[in-house]
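Chemist: coords please:
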Amino acid sequence: MATLTQTAYYTRRTLKWGSFLVLFLIVFRWAWNGFITYWLAKHPPPPPPPTVAFGKLPQLQFPDQTKGSLTFKLETVTGTTPDLGDRAHVFFMPAKRANLLALERATTQAARLGFNLPPQKLTDTLYRWANATPLSTNLDLDIIYGHFLLTASWQQDPTLLDAPNLPNTTPAVIEAQDYLADAGLLPEDLKTGRTQVSFLRASANDFIPAPSLSEAEFVQVDLFRQDLPAGKVYTATPSAGLVRLIFSGNTNTGKRIVSLAYNYFPVNYDQSATYPLKASSQAWAELQSGQGYIATLPTTGNQATVRRVSLGFYDAPTPQTFLQPIYVFEGDNNFVAYVPALDSKWVE
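Modeler: Take a look at the predicted model:
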């Protein structure tokens, strides 16, 4: 039978080695967790493959253009095109189809814009509404997709060139957004998108830039779709929004807006898929071989010096079924060009 002294001795040894064991397990667990974290950081598991949930996608349709004899030079910081990842999101754009209510809906929209007379049929989908007063004004509206062009014969009224009530930058944006909202034409991604205000003056039957508001006869407001976390949204002409309004300085309702181009088509941001990208170096080679779209030519010379390559999304001026990614090449003298970014095997 153990004595009290022996019991105390073995208890102390047990506590001593037990403490060492607990300490060892704590240190071992901490070291093991650190090793696992380091290993995963250096050897991350491969991401799941792109979902390609929409199957093969239609080719992007850029406006027709005649390409000049441009030469290209890459002058990025690294001297090469950047690695912008191996995949990107594609967003679904709901398609609209012809139906018996299309003309009725378009007539309601025209009335919201101040056109109440019966329209003239130009094509199966394009109709023209007209107002004779206070200015001769036409509204050409696609009854299926809803895009339209409103043009007023502002040249008929020389008093419009006297611009006592031209709005400055911020008031012009607010007025444009209020006008569109009242007409039911300001969806959230247009309301929260970029805006651009320009000052114009008349030159014969057209508009030319004015250096400041004090020298302007008209104010132009461009509204763009909101940019996405994965990239900026670009239109066919980078300086032109999906919606462009031109205001005169006359506050008469029928004379205030002398031009309105509306080319907005909705995007379903909740319906998206990921698709593999071609390498940016391949896109650069395609641009050099004439396969890209020149959004803005260099203002001088025939050489396009590219300083920046990024990933964006193309917002076409005509209906499309998907908002797709593009490589954007930007450089000297305002040069901008686009190349479709998706791997060609997923495009038809």
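
Chemist: for this protein, which spans come out with low pLDDT?
Modeler: 1-18, 21, 32, 35-36, 38-40, 42-43 (pLDDT under 70).

Chemist: what about 80?
Modeler: Applying pLDDT under 80 to the chain flags residues 1-28, 30-47, 66-68, 97-98, 163.

Chemist: residue nearest the centroid of it?
Modeler: Centroid check for the chain by CA atoms, centre = their mean gives residue 233 as the closest residue, at 1.8 Å.

Chemist: Confirm that that residue sits in a strand.
Modeler: Yes: assignment of residue 233 by DSSP: H, G, I helix; E, B strand; the rest coil places it within a strand.

Chemist: quick one: it from residue 52, how far?
Modeler: 22 Å (CB to CB, to the nearest Å). Backbone N, C-alpha and C define where each C-beta goes, glycine included.

Chemist: cool, residue 209 as well?
Modeler: When residue 209 is compared with residue 52 (using CB to CB), they lie 45 Å apart.

Chemist: More neighbours: these two, which one.
Modeler: Set side by side, residue 209 and residue 52 show more neighbours around residue 52, with 17 against 12, by other CB atoms under 10 Å.

Chemist: tell me the secondary structure for that one?
Modeler: coil.

Chemist: From residue 58, how far out is the closest residue to it other than its chain neighbours?
Modeler: In space, and not counting its chain neighbours, residue 52 is closest to residue 275: 5.6 Å by CB to CB, 6 or more residues apart in numbering. Distance check for residue 275 against residue 58: by CB to CB, it reads 13 Å.

Chemist: just residue 198 next, same as before
Modeler: Taken as CB to CB, the span from residue 198 to residue 58 is 33 Å.

Chemist: Looking at the two, which is more packed in?
Modeler: residue 198 (18 against 12).

Chemist: Beta-bridge partners for that one, please?
Modeler: residue 220 (DSSP bridges).

Chemist: so residue 115, which of the three states?
Modeler: Residue 115 ends up coil, using three-state DSSP.

Chemist: Show the contacting residues for it.
Modeler: 129-131, 137, 139 (CB atoms under 8 Å, 6 or more residues apart in numbering).

Chemist: Now go through those residues and say which are in helices.
Modeler: Among the contacts of residue 115, DSSP state H puts none in helices.

Chemist: Filter the residues you listed down to just the ones in strands.
Modeler: 129-131, 137, 139 (DSSP state E).

Chemist: Out of those residues, which is nearest to residue 185?
Modeler: residue 139 (12.6 Å; CB to CB).

Chemist: What's the local residue count around residue 253?
Modeler: Residues within reach of residue 253, counting by other CB under 10 Å, total 9.

Chemist: circling back: residue 226 is in contact with the residue nearest to the centre of the chain, correct?
Modeler: Yes: counting by CB atoms under 8 Å, residue 226 is a contact partner of residue 233 at 7.3 Å.

Chemist: Touching both of those two, which residues are there?
Modeler: Joint contacts of residue 233 and residue 226 (CB under 8 Å, 6+ apart) are residue 193.

Chemist: which residues does the residue nearest to residue 52 contact?
Modeler: 50, 52, 57, 87-90, 325, 342-343, 346.

Chemist: in which helix or strand would I find it?
Modeler: strand 268-276 (DSSP states H and E).

Chemist: Name the residues that touch the helix or strand that that strand is followed by?
Modeler: Under the assignment DSSP H and E, the closest C-terminal helix or strand after strand 268-276 is helix 280-288. Applying CB under 8 Å, 6+ apart, the contact partners of helix 280-288 are 72, 74, 80-84, 292, 306, 309, 327, 329, 337, 339-341.

Chemist: What subset of these is buried?
Modeler: 72, 74, 81, 84, 292, 306, 309, 327, 329, 337, 339-341 (16 or more other CB atoms under 10 Å).

Chemist: ok, the residues you listed vs residue 96, which is closest?
Modeler: Using CB to CB, those come closest to residue 96 at residue 340, 24.0 Å.

Chemist: Quick check, that closest one in contact with residue 322.
Modeler: No: the pair residue 340 / residue 322 is not scored as a contact, 11.6 Å apart, by CB under 8 Å.

Chemist: and residue 143, what does it touch?
Modeler: Here residue 143 is in contact with 102-103, 105-106, 125-127 (CB under 8 Å, 6+ apart).

Chemist: Would you mind writing the ChimeraX command to select the buried ones in the residues you listed?
Modeler: Entered in ChimeraX, the line below selects the buried ones among these, by 16+ other CB under 10 Å:
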select :102,103,106,126,127
